[in-house]
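S.K.: Build the 3D model from these lines:
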Amino acid sequence: MNKLLIAIATTLSALSLSLDAGAHGEAKPLHGGIVQVADDVHYELVPQGADVSLYVVDHGKPADATGMSGKLTVLQGTSKSQGDLKPAGGNRLLARGVTVAAGAKVVASVKGADGKATTVRFVVK
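M.R.: Predicted coordinates for the structure are as follows:
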């Protein structure tokens, strides 16, 4: 009887965890980039040559990036580069003149239209 109760409790616990993990949806890239979630908001980092786009999706809906701003910091080995994140239409912020290569660590400091600051970290594979 005890083994049966333990098995049921374990199954229910695992089911509860998997439901919680999917409550806000999977963090899937929509633009071929790397997705991280911070404060229930999805941020997708998309390197594009010498520019980097950051797409913002809030609870499954594209966020209006018009009033957003921020800074993108790229750490590649011993070198560090930075670029300002500026609205680029829709839910996209853009940092020009910043190159992101494999192995880089990227930190996006984003300030929302409401003034709230969020820090998002990415590791480029």
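
S.K.: okay, CA-based contacts and neighbour counts for the rest of this
M.R.: Fine.

S.K.: SS state for residue 98?
M.R.: The three-state label given to residue 98 by DSSP: H, G, I helix; E, B strand; the rest coil is coil.

S.K.: That one and residue 52 touch, don't they?
M.R.: Yes. Look at residue 98 against residue 52 with Cα atoms under 8 Å: they come within range, at 6.5 Å.

S.K.: Contacts only, for residue 46.
M.R.: With contact taken as Cα atoms under 8 Å, 6 or more residues apart in numbering, residue 46 is in contact with 31, 32, 33, 34, 52, 53, 54, 55.

S.K.: give me that answer again for 10 Å
M.R.: The neighbourhood of residue 46, defined by Cα atoms under 10 Å, 6 or more residues apart in numbering, consists of 29-35, 52-55, 94, 100.

S.K.: Including secondary structure, neighbour count and pLDDT, could those residues go into JSON lines?
M.R.: Listed next are the contacts of residue 46 as JSON lines, based on DSSP: H, G, I helix; E, B strand; the rest coil; neighbours: other Cα atoms under 10 Å; pLDDT from 0 to 100:
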{"residue": "29", "secondary structure": "coil", "neighbour count": "16", "pLDDT": "89"}
{"residue": "30", "secondary structure": "coil", "neighbour count": "11", "pLDDT": "88"}
{"residue": "31", "secondary structure": "coil", "neighbour count": "13", "pLDDT": "89"}
{"residue": "32", "secondary structure": "coil", "neighbour count": "11", "pLDDT": "88"}
{"residue": "33", "secondary structure": "coil", "neighbour count": "17", "pLDDT": "96"}
{"residue": "34", "secondary structure": "strand", "neighbour count": "19", "pLDDT": "96"}
{"residue": "35", "secondary structure": "strand", "neighbour count": "22", "pLDDT": "97"}
{"residue": "52", "secondary structure": "strand", "neighbour count": "21", "pLDDT": "97"}
{"residue": "53", "secondary structure": "strand", "neighbour count": "24", "pLDDT": "98"}
{"residue": "54", "secondary structure": "strand", "neighbour count": "28", "pLDDT": "98"}
{"residue": "55", "secondary structure": "strand", "neighbour count": "26", "pLDDT": "98"}
{"residue": "94", "secondary structure": "strand", "neighbour count": "25", "pLDDT": "98"}
{"residue": "100", "secondary structure": "coil", "neighbour count": "23", "pLDDT": "95"}
